[in-house]
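[1] sharing a sequence plus its predicted fold:
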Protein chains: 2
Amino acid sequence: MKKQILPKGFLAAGIHCGMKKKRKDLALLYSEEECKVAALFTKNIVKAAPLILASKQLKKNKGRIRAVVINSGNANCMTGKQGLKDANETSELTAKALGVAKDSVLVSSTGVIGKLMCMAPLTAGIKKIVLELSKNGLTDAAEGISTTDAFQKVSARSFKIKGRKVTISSIAKGAGMIDPSMATMLCYVMTDANISKAALSKAVNETTEISFNSITVDGDMSTNDTIMLLANGKAGNALIQDKGQDFKIFMENLNAITKDLAQMIVRDGEGSSKIIEVRVKGSAKKTDAKKVAQAIAKSLLVKCAVLGGDPNWGRIASSAGSSGVNFDTDKMEIKLDGVVFFVNGKDVVNSPKRIEKVFKGKEARIEVDLRQGRHEATFYSCDISKKYIMLNARYTT
Amino acid sequence: MKKQILPKGFLAAGIHCGMKKKRKDLALLYSEEECKVAALFTKNIVKAAPLILASKQLKKNKGRIRAVVINSGNANCMTGKQGLKDANETSELTAKALGVAKDSVLVSSTGVIGKLMCMAPLTAGIKKIVLELSKNGLTDAAEGISTTDAFQKVSARSFKIKGRKVTISSIAKGAGMIDPSMATMLCYVMTDANISKAALSKAVNETTEISFNSITVDGDMSTNDTIMLLANGKAGNALIQDKGQDFKIFMENLNAITKDLAQMIVRDGEGSSKIIEVRVKGSAKKTDAKKVAQAIAKSLLVKCAVLGGDPNWGRIASSAGSSGVNFDTDKMEIKLDGVVFFVNGKDVVNSPKRIEKVFKGKEARIEVDLRQGRHEATFYSCDISKKYIMLNARYTT
């Protein structure tokens, strides 16, 4: 079990209210004082009602909120005007129960698309969950936002900024490749750091880029994907601006947390299956390295090669070539689990002994050096899991 | 068995030369007189040697050739200078054996990436195959270009243009989702139509767009993908220009053939599995309908829903929304196998009886009406096949 420390001034809770049969299906994150929030939402044009509402609320309240309430079991998406009304009612009911201002409670939902919310259990649940808020509620909250997740995703750490103790705690959910109908990624990061709005906004963008935007599970972009970064300033450190040493320290710790959670998402539900790390270096442009890494990580054929323990480097070269990035194929080097397979325009003849362990372990490392420049990027993926295969095979038999 | 008529003045052959263990692995398409050719090659930056050579040759000979020689078993890709030398030698040897000009023989290869060609069996095979050329060699040639294809892909038809009989005959190969290392798509179309170079070039582009560029099997773009359209003018019809009634009749027949072959590729290797037809209409721009259809057809989550017989229309809406096309979700209509699931911004409550057959047949039809304009597009896909699943599951157990 992960440490469930919460930053100063934050409380959390997770309960079962009846949206799902048994497991926890409601979570509440609460700041004792007003906190700043920076959020990122899905780029999918089909956006769930809570995301539309939250965007409006964030404009109204200028990015200052008191709480986030999250239900699992129903995504409240493609639900039209009634869905927006339900999301708004959820926000208002929670604000009322907490005794805080209207619009200072953001809502998130995850679950099935296209079904109207069942408001009765949610209404009762909200009244109940505010009474459960506690310093120790982080793991319960993580459970409350889960759908098909095989384990709760919690990551937290404390560190010093100019002698002041600062804490960042985060929960996330997401596990693709298991249940096709629930692949939403949610992440909520709370910190007691005193940080400027500009720095908070920069932080959420930068950290998402190297974590949640650097993993691929099933390649689909959910209608409900949400990342929120909440900061209440209770650590009492000097205001962190969007550059300088303090920001650097903050980012190092924030990045460690989001990377940790992103990798948990990739690992989740994979049973005895493999995680794939794709590292691309030597690109001329920064964006190029990521494009190539992503093309390799997303390739179904590469995933199959890894699953089958087959060091099929030609397939990796082909995926890199389909990324849209221009490079000289004769210059590229391809290493699989540390063994060079292609270099100086030539296939390397490796002894069977040398390659017998390649792609046979729990983690597969794919390294591509384009030898065109100095930029690099890492992308994480997983092979097509046995569980996923079994689930789908069962459907048809 | 498909009819194996060849257009006037064309001969074909397919033999086993020893690149593969048992099955035919070499094909030759030959025109008794010089013919015009229009070709399309993969957009993958990693291009196999024969494609690099063919591009050069087509410039040199101004798009006029005599033959195409195709081997299966080795893709001659990522093989550096030696690979180019081997492709060139293959072209020269074939030209010599046929007694035609250097550079009038194009080469194609399909098979494993990154291994040097084994030239000995190929050299012997070329000498042998020229003796096998015949009016009845089309199906043999189709077998010669196959890799993991479960059946030969041949399509041909004759029709009249201003009273003159014109024939179009074509062979193709391609079957993704079975063997991850061999997903190349090749297609060779021969016609005796008398057609201008401009019309031929327009024809290959337009027909590819609505056939091979409107299917998705595994989403990967191969290093060897090739489509060639050869015309020798032997039908004796008045020259077809790039517009007008004659071009229209030619395109109708050409499109019927390439669509036929494209659907064979989607169907191949799917065992008892399903073909998915995604039809998107009502888009504001022509390209938009295709983008949305492609996003839905490519979605692994949609494929799973179809495989599982689960009418999960929310997942289809979500995929459409991730296509990058802007539309009003409240206006869209979603029909699965003829049953409306979402319309006027609302989930349609269907009786269990009404939906019991949805996604349960051999063909799944997904229809999306964006209600934004008058454009439409159709994309074909397949679910994740049982065979594919079993093959991969076997790897790990």
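    Arrived safely, thanks for sending.
[2] output the lowest mean pLDDT helix or strand found in chain A.
    helix A:386-396 (a mean of 48; mean pLDDT, DSSP states H and E).
[3] what about A:Lys62, neighbour count?
    Look at A:Lys62: counted by other CB atoms under 10 Å in any protein chain shown, it has 9 neighbours. For every residue, glycine as well, the C-beta is placed using N, CA and C.
[4] do the same with A:His375
    Per other CB under 10 Å, the neighbour tally for A:His375 reads 17.
[5] model confidence at it, what's the number?
    pLDDT recorded at A:His375 is 96.
[6] and it, bridged to which residues?
    Bridge pairing for A:His375 (DSSP bridges) gives the partners A:Ser283.
[7] give the contact list for it.
    The neighbourhood of A:His375, defined by CB atoms under 8 Å, 6 or more residues apart in numbering or on different chains, consists of A:281-286, A:288-289.
[8] for A:Thr191, list each beta-bridge partner.
    With DSSP bridges as the rule, A:Thr191 is bridged to A:Ile168, A:Ala231.
[9] surely it is in contact with A:Met228?
    No - using CB atoms under 8 Å, A:Thr191 makes no contact with A:Met228, being 11.4 Å away.
[10] these two - which one has more neighbours?
    With neighbours defined as other CB under 10 Å, A:Thr191 and A:Met228 compare such that A:Thr191 has more, 31 against 24.
[11] for A:Leu254, see how far away that one is.
    The gap separating A:Thr191 from A:Leu254 is 8 Å, by CB to CB, to the nearest Å.
[12] shared neighbours of these two, anything?
    Shared contacts of A:Thr191 and A:Leu254 (CB under 8 Å, 6+ apart): A:168, A:229.
[13] report the buried members of the contacts of A:His375.
    A:281-283, A:288-289 (16 or more other CB atoms under 10 Å in any protein chain shown).
[14] nearest to B:Lys85 among these?
    B:Lys85 has its nearest neighbour among the buried ones among the contacts of A:His375 in A:Gly282, at 27.7 Å by CB to CB.
[15] so for that closest one, what's the pLDDT?
    Reading off the model, A:Gly282 has pLDDT 97.
[16] end to end on stretch A:330-346, go ahead and measure it.
    One end of stretch A:330-346 to the other measures 8 Å (CA to CA, to the nearest Å).
[17] again with stretch A:222-235
    End-to-end distance of stretch A:222-235 (CA to CA): 35 Å.
[18] what does stretch A:347-366 give?
    Start-to-end span of stretch A:347-366 (CA to CA) is 16 Å.
[19] run the chain-centre distance for that stretch.
    Distance of stretch A:347-366 from the chain centroid (CA atoms, centre = their mean, to the nearest Å) equals 30 Å.
[20] show me where the stretch 1-150 of chain A has helices.
    Counting by DSSP state H, counting those that start in this stretch, residue ranges of the helices within the stretch 1-150 of chain A are A:49-60, A:80-98, A:119-129, A:138-144.
[21] nearest to chain B, of these?
    Proximity to chain B, assessed across the helices of the stretch 1-150 of chain A by CB to the nearest CB, is greatest for helix A:80-98 (3.9 Å).
[22] where does the stretch 201-350 of chain A have low pLDDT?
    A:217-220, A:269-273 (pLDDT under 70).
[23] closest point of it to chain B, which residue?
    Per CB to the nearest CB, A:Gly314 is where the stretch 201-350 of chain A lies closest to chain B, at 2.6 Å.
[24] what number of residues lie near that residue?
    24.
[25] excluding its backbone neighbours, what's nearest it?
    Closest residue to A:Gly314 apart from its sequence neighbours, by CB to CB, 6 or more residues apart in numbering or on different chains: B:Ile113 at 2.6 Å.
[26] how far away is the one you found from A:Phe327?
    Distance from B:Ile113 to A:Phe327, by CB to CB: 16 Å.
[27] those two: who's more crowded?
    Taking neighbours as other CB under 10 Å, B:Ile113 and A:Phe327 compare with B:Ile113 leading, 27 against 22.
[28] look up phi and psi at the more buried one.
    Reported as degrees, to the nearest 10, the phi and psi values for B:Ile113 are phi -90, psi 140.
[29] contact partners for it?
    Each residue near B:Ile113 by CB under 8 Å, 6+ apart is listed here: A:312, A:314-315, A:317-318, B:48, B:75, B:77-78, B:181, B:223.
[30] mind putting those residues into CSV with distance to B:Ala150?
    Below are the contacts of B:Ile113 laid out as CSV (distance: CB to CB, whole Å):
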residue, distance to B:Ala150
A:Asn312, 21
A:Gly314, 23
A:Arg315, 21
A:Ala317, 27
A:Ser318, 23
B:Ala48, 24
B:Ala75, 20
B:Cys77, 24
B:Met78, 27
B:Ser181, 16
B:Thr223, 23
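[31] what's the closest of these to A:Ile15?
    Each of the contacts of B:Ile113 was scored against A:Ile15 by CB to CB, and A:Arg315 proved nearest at 47.1 Å.
[32] how many residues are close by the residue nearest to that closest one when sequence neighbours are not counted?
    Computed as CB to CB, 6+ apart, the closest residue to A:Arg315 that is not its neighbour in sequence is A:Leu301, at 5.0 Å. For A:Leu301, the neighbour count with other CB under 10 Å is 24.
[33] ok, and does the longest helix along chain A reach over to chain B?
    Longest helix of chain A, by residue count under DSSP state H: helix A:245-267. No - Helix A:245-267 stays clear of chain B (CB under 8 Å from any CB of the partner chain), getting no nearer than 15.3 Å.
[34] mind checking how far that helix is from the chain centre?
    How far helix A:245-267 lies from its chain's middle: 11 Å, per CA atoms, centre = their mean.
[35] what packs against that helix?
    For helix A:245-267, the packing partners by 3 or more CB pairs under 8 Å, 6 or more residues apart in numbering or on different chains; DSSP states H and E come out as strand A:153-161, strand A:164-173, strand A:186-191, helix A:197-210, strand A:215-216, strand A:275-283, strand A:375-382.
[36] got the angle between the host helix or strand of A:Val306 and strand A:275-283?
    Here A:Val306 sits within helix A:300-307, counting by DSSP states H and E. Helix A:300-307 runs at 120 degrees relative to strand A:275-283, counting by axes from the mean of the first three to the mean of the last three CA atoms, to 10 degrees.
[37] returning to that earlier point: sort out which residues of the longest helix of chain A are buried, please.
    Neighbour-count burial for helix A:245-267 flags A:246-247, A:249-251, A:253-267 (criterion: 16+ other CB under 10 Å).
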